[in-house]
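1. show me the folded form of this:
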Amino acid sequence: MLPGLIAVSPGYERRPNCSRPRWAGTGRAAGRRCGHCWTWCWSRYCGSGTRRSRPPAIAAALRQIHEHPEHPWTVAGLGELAGLPRTACTRRFTELVGQSPMRYLTGWRLGRGARLLRETDASLATIARQVGYSTEFAFAGAFRREYGVAPGRFRHAPSAS
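-> Residues are numbered from 1 along each chain as shown. All right, here's what the predicted structure looks like:
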(Lines give C-alpha, C1' and ligand atoms only; values in the text may rest on other atoms or scores of the structure.)
Protein backbone atom coordinates (compact mmCIF):
# COMPACT_ATOMS: atom_id res chain seq x y z
CA MET A 1 0.00 0.00 0.00
CA LEU A 2 1.33 3.44 -0.93
CA PRO A 3 1.71 6.09 1.76
CA GLY A 4 -0.75 8.96 1.47
CA LEU A 5 1.95 11.53 0.73
CA ILE A 6 3.39 9.97 -2.43
CA ALA A 7 2.06 11.72 -5.51
CA VAL A 8 3.19 12.59 -8.99
CA SER A 9 3.21 16.25 -9.79
CA PRO A 10 -0.12 16.92 -11.54
CA GLY A 11 1.53 18.69 -14.47
CA TYR A 12 4.40 16.24 -14.91
CA GLU A 13 3.08 14.58 -18.07
CA ARG A 14 1.19 17.58 -19.35
CA ARG A 15 3.96 19.80 -20.64
CA PRO A 16 3.01 21.28 -23.99
CA ASN A 17 4.94 20.33 -27.09
CA CYS A 18 6.25 23.81 -27.87
CA SER A 19 8.79 24.66 -30.49
CA ARG A 20 10.97 26.51 -27.98
CA PRO A 21 14.25 24.69 -27.24
CA ARG A 22 13.57 24.99 -23.51
CA TRP A 23 11.10 22.09 -23.86
CA ALA A 24 13.64 19.85 -25.54
CA GLY A 25 14.73 18.38 -22.20
CA THR A 26 17.63 20.69 -21.52
CA GLY A 27 18.25 23.56 -19.17
CA ARG A 28 16.36 24.51 -16.04
CA ALA A 29 13.05 22.95 -17.15
CA ALA A 30 14.61 19.49 -17.34
CA GLY A 31 16.15 19.80 -13.89
CA ARG A 32 12.84 20.85 -12.40
CA ARG A 33 11.03 18.00 -14.11
CA CYS A 34 13.34 15.58 -12.33
CA GLY A 35 12.46 17.23 -9.04
CA HIS A 36 8.89 16.00 -9.41
CA CYS A 37 9.74 12.40 -10.14
CA TRP A 38 7.80 10.13 -7.83
CA THR A 39 10.21 7.22 -8.13
CA TRP A 40 12.78 9.09 -6.12
CA CYS A 41 10.25 9.81 -3.40
CA TRP A 42 9.11 6.19 -3.50
CA SER A 43 12.63 4.94 -2.89
CA ARG A 44 13.03 7.36 0.04
CA TYR A 45 9.69 6.69 1.73
CA CYS A 46 9.26 2.99 1.07
CA GLY A 47 12.88 1.94 0.89
CA SER A 48 14.90 -0.56 2.80
CA GLY A 49 13.69 0.29 6.31
CA THR A 50 16.52 2.66 7.15
CA ARG A 51 15.87 5.59 9.43
CA ARG A 52 15.14 7.70 6.33
CA SER A 53 12.53 5.36 4.86
CA ARG A 54 9.48 6.74 6.70
CA PRO A 55 10.12 10.18 8.18
CA PRO A 56 6.87 11.05 9.99
CA ALA A 57 7.88 14.66 10.65
CA ILE A 58 8.50 15.55 7.01
CA ALA A 59 5.59 13.34 5.90
CA ALA A 60 3.23 15.55 7.91
CA ALA A 61 4.56 18.68 6.21
CA LEU A 62 4.32 17.10 2.75
CA ARG A 63 0.79 15.89 3.39
CA GLN A 64 -0.31 19.42 4.35
CA ILE A 65 1.38 20.94 1.29
CA HIS A 66 -0.39 18.42 -0.95
CA GLU A 67 -3.79 18.81 0.69
CA HIS A 68 -3.71 22.59 1.17
CA PRO A 69 -1.49 24.27 -1.45
CA GLU A 70 -3.57 27.44 -1.13
CA HIS A 71 -2.42 27.97 2.46
CA PRO A 72 0.21 30.71 2.90
CA TRP A 73 2.93 28.28 4.01
CA THR A 74 6.20 29.39 5.53
CA VAL A 75 9.20 27.27 6.49
CA ALA A 76 8.46 28.13 10.12
CA GLY A 77 4.87 26.90 9.73
CA LEU A 78 5.97 23.67 8.06
CA GLY A 79 8.55 23.25 10.81
CA GLU A 80 5.80 23.51 13.42
CA LEU A 81 3.87 20.76 11.64
CA ALA A 82 7.00 18.64 11.55
CA GLY A 83 7.87 19.42 15.16
CA LEU A 84 11.24 20.79 14.08
CA PRO A 85 12.91 24.19 14.27
CA ARG A 86 12.89 26.12 10.98
CA THR A 87 16.53 25.40 10.12
CA ALA A 88 16.29 21.70 11.00
CA CYS A 89 13.08 21.42 8.99
CA THR A 90 14.73 22.94 5.92
CA ARG A 91 17.78 20.70 6.26
CA ARG A 92 15.76 17.50 6.82
CA PHE A 93 13.22 18.31 4.09
CA THR A 94 15.96 19.03 1.56
CA GLU A 95 17.84 15.89 2.54
CA LEU A 96 14.76 13.68 2.07
CA VAL A 97 12.94 15.36 -0.80
CA GLY A 98 15.84 16.81 -2.76
CA GLN A 99 14.49 20.37 -2.77
CA SER A 100 13.99 23.08 -0.19
CA PRO A 101 10.48 23.27 1.28
CA MET A 102 9.64 26.50 -0.55
CA ARG A 103 10.99 25.26 -3.88
CA TYR A 104 8.98 22.05 -3.49
CA LEU A 105 5.86 24.04 -2.56
CA THR A 106 6.25 26.26 -5.62
CA GLY A 107 6.68 23.24 -7.89
CA TRP A 108 3.67 21.52 -6.35
CA ARG A 109 1.49 24.60 -6.72
CA LEU A 110 2.52 25.18 -10.32
CA GLY A 111 2.05 21.51 -11.20
CA ARG A 112 -1.43 21.55 -9.72
CA GLY A 113 -2.13 24.81 -11.55
CA ALA A 114 -0.99 23.21 -14.82
CA ARG A 115 -3.39 20.32 -14.25
CA LEU A 116 -6.26 22.71 -13.52
CA LEU A 117 -5.47 24.70 -16.64
CA ARG A 118 -5.70 21.54 -18.76
CA GLU A 119 -8.65 19.88 -17.04
CA THR A 120 -10.96 22.77 -16.16
CA ASP A 121 -12.38 25.93 -17.66
CA ALA A 122 -11.76 27.87 -14.45
CA SER A 123 -10.45 31.39 -14.85
CA LEU A 124 -6.79 32.12 -14.26
CA ALA A 125 -7.70 34.14 -11.16
CA THR A 126 -9.65 31.20 -9.71
CA ILE A 127 -6.83 28.74 -10.39
CA ALA A 128 -4.29 31.17 -8.92
CA ARG A 129 -6.26 31.35 -5.65
CA GLN A 130 -6.76 27.56 -5.55
CA VAL A 131 -3.02 26.97 -5.71
CA GLY A 132 -1.91 29.68 -3.30
CA TYR A 133 -1.24 32.79 -5.39
CA SER A 134 -2.87 36.07 -4.38
CA THR A 135 -3.31 37.29 -7.96
CA GLU A 136 -3.43 35.82 -11.44
CA PHE A 137 -0.46 38.03 -12.33
CA ALA A 138 1.72 36.46 -9.63
CA PHE A 139 0.66 32.98 -10.76
CA ALA A 140 1.22 33.77 -14.44
CA GLY A 141 4.71 35.14 -13.76
CA ALA A 142 5.74 32.11 -11.70
CA PHE A 143 4.18 29.75 -14.26
CA ARG A 144 6.05 31.41 -17.12
CA ARG A 145 9.36 31.19 -15.21
CA GLU A 146 8.80 27.50 -14.46
CA TYR A 147 7.40 26.26 -17.76
CA GLY A 148 8.65 28.87 -20.23
CA VAL A 149 5.17 29.54 -21.57
CA ALA A 150 2.21 31.67 -20.49
CA PRO A 151 -0.64 29.83 -18.73
CA GLY A 152 -3.12 30.63 -21.53
CA ARG A 153 -0.79 29.23 -24.16
CA PHE A 154 -0.19 26.15 -21.99
CA ARG A 155 -3.94 25.62 -21.60
CA HIS A 156 -4.50 25.59 -25.36
CA ALA A 157 -1.33 23.78 -26.48
CA PRO A 158 -1.69 20.11 -27.41
CA SER A 159 -0.47 17.64 -24.79
CA ALA A 160 3.04 16.29 -25.19
CA SER A 161 1.84 12.69 -24.73
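
2. what segments of this structure are helices?
-> All helices of the chain, identified by DSSP state H, fall at 27-35, 38-45, 56-67, 75-82, 86-97, 101-119, 124-130, 136-147, 151-156.

3. give me the buried positions along the third one.
-> Applying a neighbour-count criterion of 16 or more other Cβ atoms under 10 Å, the buried positions in helix 56-67 are 57-62, 64-65. C-beta: built from backbone N, CA, C; applies to glycine.

4. now the angle from that helix to helix 75-82?
-> Counting by axes from the mean of the first three to the mean of the last three Cα atoms, to 10 degrees, helix 56-67 lies at 120 degrees to helix 75-82.

5. avg pLDDT for helix 56-67?
-> The average of the pLDDT scores along helix 56-67 is 92.

6. so where's this structure uncertain?
-> Where the chain drops to pLDDT under 70, the residues are 1-54, 160-161.

7. please repeat the previous calculation with a cut-off of 90.
-> 1-57, 82, 157-161 (pLDDT under 90).

8. good, we can wrap up now.
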